[in-house]
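Peer 1: sequence and predicted structure, then a few things I'm wondering about:
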Amino acid sequence: MGLPGFAAASSLYRGSGHYYAAAIWGSSFVSAEHAASTAADPHARYQFLSEGHLQLSSGCDSNPCRGSSGPVCCHDSKGNFNGCCGTSCCYGEDGGAGACPHAGQFCCGAQACTTGEELCCGGGCVSQDESNCGSCGTSCGGNQTCCNGSCINTATDKSNCGGCNSACNANELCCNGSCIGQSASNCRSCGNVCGPGQECAKNCYCLVGTTCGKECCTAGQQCCDGRCYDPAVQQCCQGITPHLCAVGDACMFFGCCNSQYEKSCILNCAPLDSVCCPGSPPGWCPKGWHCCDDACCPDGQECCANGCCQGGLECCQSELGSIHTCCPPGTCDPIHGICKVRLGGLHPSV
């Protein structure tokens with residue numbers, strides 16, 4: 001709020017070749033020498049600067065706001081009477097009064113916006129909606145509605161079910177925008193259906209037998225990750241997720257290995273006569289082979305990096321471990337990882 005020529009709460013205003021001292025008092029511009037009298041009589045705040053002269057504003061010389069709908073006398077950009085307001089006036093950028101803010105409203109330039117329903121954006125009142133939710137320019141997603149300044153999915157929100165401020169009861173769910181009671185078809189969450197022979201009371205439970213997920217276990221049965229099983233026939237294996245395997249079969253992380261012709265090698269089922277390899281795949285080597293870091297080599301051949309040394313050769317590795325060469329026994333240069341020179345040249349690498 002301000003008039004041309006004012007830079008602070010009190011300043012010197014120049015008009016028509018003269019200087020006048022003035023001060024801001026309350027929500028009006030009044031002369032400094034009248035500040036003390038206005039404190040004693042707040043209804044006397046109607047003296048404004050007009051065209052650079054300190055004078056009584058036209059229309060306010062008899063204080064028309066005294067005893068009217070509001071005690072505050074509002075003015076235009078030149079200090080002329082522009083109506084009465086109850087507690088304050090909303091002023092635009094030109095210094096002229098516009099609307100009067102009533103209870104539940106706030107000023108946005110010369111406009112009065114409704115608190116909770118509108119925002120002050122770009123100097124004007126803008127309705128809170130999906131394009132301006134809670135703050136100017138804040139957009140909601142395609143399936144959301146702006147409710148009380150927050151983006152809400154009214155299809156599932158219990159406090160705003162089907163529309164803003166439409167709340168469900170404490171024991172109800174909000175499903176597709178409607179409040180519904182919990183039942184065996186919607187237990188704890190929308191679409192969570194209980195199993196046969198079950199009812200819903202906070203969770204699905206069995207009327208007869210032991211509750212196991214959505215199944216009801218009978219006498220003698222046990223529960224394995226939501227499934228009932230007979231321990232005389234099956235076993236509950238603890239892998240990545242608990243799962244059932246036949247009694248006697250080998251449990252593995254993802255399934256079962258048939259005990260008649262397979263065994264478990266960590267993550268793989270392998271033939272019964274194979275060799276399980278620790279670490280990375282393949283996880284096992286066939287009979288007659290042995291495990292290397294990332295491969296299998298025939299028995300009798302030495303592992304060398306990603307390959308095997310054939311024909312009785314040995315793996316020659318440099319000190320830094322970056323070079324691997326297959327050399328005849330006794331010819332390895334361990335510094336460089338190559339075969340030493342002999343009469344007839346270097347031994348070939350395999």
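Peer 2: Now that the structure is in, tell me what you want to look at.

Peer 1: quick one: contacts for residue 214?
Peer 2: Taking Cβ atoms under 8 Å, 6 or more residues apart in numbering, we find residue 214 in contact with 193-195, 198, 204, 226. C-beta: built from backbone N, CA, C; applies to glycine.

Peer 1: ok, now with 7 Å
Peer 2: Residue 214 makes contact with 194-195, 198, 204, 226, according to Cβ atoms under 7 Å, 6 or more residues apart in numbering.

Peer 1: so which of these sit within strands?
Peer 2: Counting by DSSP state E, those place 198, 204 in strands.

Peer 1: select only the buried ones of the contacts of residue 214 in PyMOL?
Peer 2: Selection of buried members from the contacts of residue 214 for PyMOL, criterion 16 or more other Cβ atoms under 10 Å:
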select buried, resi 194+198+204
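
Peer 1: any chance of the contacts of residue 214 in JSON lines, with pLDDT too?
Peer 2: As requested, the contacts of residue 214 are exported to JSON lines (pLDDT from 0 to 100):
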{"residue": "194", "pLDDT": "90"}
{"residue": "195", "pLDDT": "88"}
{"residue": "198", "pLDDT": "87"}
{"residue": "204", "pLDDT": "88"}
{"residue": "226", "pLDDT": "90"}
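
Peer 1: closest to residue 288 among the contacts of residue 214?
Peer 2: Proximity of the contacts of residue 214 to residue 288 (Cβ to Cβ) peaks at residue 226, which lies at 43.9 Å.

Peer 1: and the nearest residue to that closest one once chain neighbours are set aside, how many residues sit next to it?
Peer 2: Distances taken as Cβ to Cβ, 6 or more residues apart in numbering put residue 213 closest to residue 226, at 2.6 Å, once the chain neighbours are dropped. Using other Cβ atoms under 10 Å, residue 213 is surrounded by 15 other residues.

Peer 1: tell me who's in contact with the nearest residue to residue 253 once chain neighbours are set aside.
Peer 2: With Cβ to Cβ, 6+ apart as the criterion, residue 253 has its nearest non-adjacent residue at 4.0 Å, and that residue is residue 239. Residue 239 makes contact with 251-254, according to Cβ under 7 Å, 6+ apart.

Peer 1: quick check, nearest of the residues you listed to residue 265?
Peer 2: residue 252 (8.2 Å).

Peer 1: in which helix or strand does the nearest residue to that closest one once chain neighbours are set aside reside?
Peer 2: In space, and not counting its chain neighbours, residue 252 is closest to residue 264: 4.4 Å by Cβ to Cβ, 6+ apart. Here residue 264 sits within strand 262-265, counting by DSSP states H and E.

Peer 1: report the strands that pair with that strand, each with its relative direction.
Peer 2: Using DSSP bridges, the strands paired with strand 262-265 are strand 268-271 (antiparallel).

Peer 1: in its sheet, what does the next helix or strand after the strand it pairs with sit against?
Peer 2: Moving toward the C-terminus from strand 268-271, the next helix or strand (DSSP H and E) is strand 275-276. Here strand 275-276 has these sheet partners by DSSP bridges: strand 284-285 (antiparallel).

Peer 1: tell me the mean pLDDT over the helix or strand just after the strand it pairs with?
Peer 2: Once the chain leaves strand 284-285, the next helix or strand it forms, by DSSP H and E, is strand 289-291. Mean pLDDT, strand 289-291: 90.

Peer 1: in its sheet, which strands sit next to strand 289-291, and in what direction?
Peer 2: Here strand 289-291 is paired, per DSSP bridges, with strand 296-298 (antiparallel).

Peer 1: what lies in contact with the strand it pairs with?
Peer 2: By Cβ under 7 Å, 6+ apart, strand 296-298 touches 282, 285, 288-290, 303, 308.

Peer 1: what about the helices in the chain?
Peer 2: For the chain, applying DSSP state H gives helices covering 35-40.

Peer 1: show me how it divides into domains.
Peer 2: Following automatic domain parsing, one gets these domains for the chain: 1-113, 209-249, 250-299, 302-350.

Peer 1: comparing those domains by mean pLDDT, which bottoms out?
Peer 2: domain 1-113 (a mean of 56).

Peer 1: who touches the nearest residue to residue 165 once chain neighbours are set aside in this structure?
Peer 2: Spatial nearest neighbour of residue 165, chain neighbours left out: residue 147 (6.9 Å); criterion: Cβ to Cβ, 6+ apart. Residues near residue 147 by Cβ under 7 Å, 6+ apart: 160, 164-165.

Peer 1: repeat for residue 203
Peer 2: For residue 203, counting by Cβ under 7 Å, 6+ apart, the contacting residues are 187-188.

Peer 1: burial count for the residue lying closest to residue 304 once chain neighbours are set aside?
Peer 2: When the adjacent residues along the chain are set aside, residue 304 lies closest to residue 315, with 3.5 Å between them (Cβ to Cβ, 6+ apart). By other Cβ under 10 Å, 19 other residues sit near residue 315.

Peer 1: about what we covered before: now the contacts of residue 147: which count as buried?
Peer 2: Neighbour counting with 16+ other Cβ under 10 Å marks residue 160 as buried within the contacts of residue 147.

Peer 1: in strands, which of the contacts of residue 147 fall?
Peer 2: Per DSSP E, strands hold no members of the contacts of residue 147.

Peer 1: export the contacts of residue 147 as TSV, with columns for pLDDT and distance to residue 172.
Peer 2: Formatted as TSV, the contacts of residue 147 follow (pLDDT from 0 to 100; distance: Cβ to Cβ, whole Å):
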residue	pLDDT	distance to residue 172
160	96	13
164	93	17
165	94	16
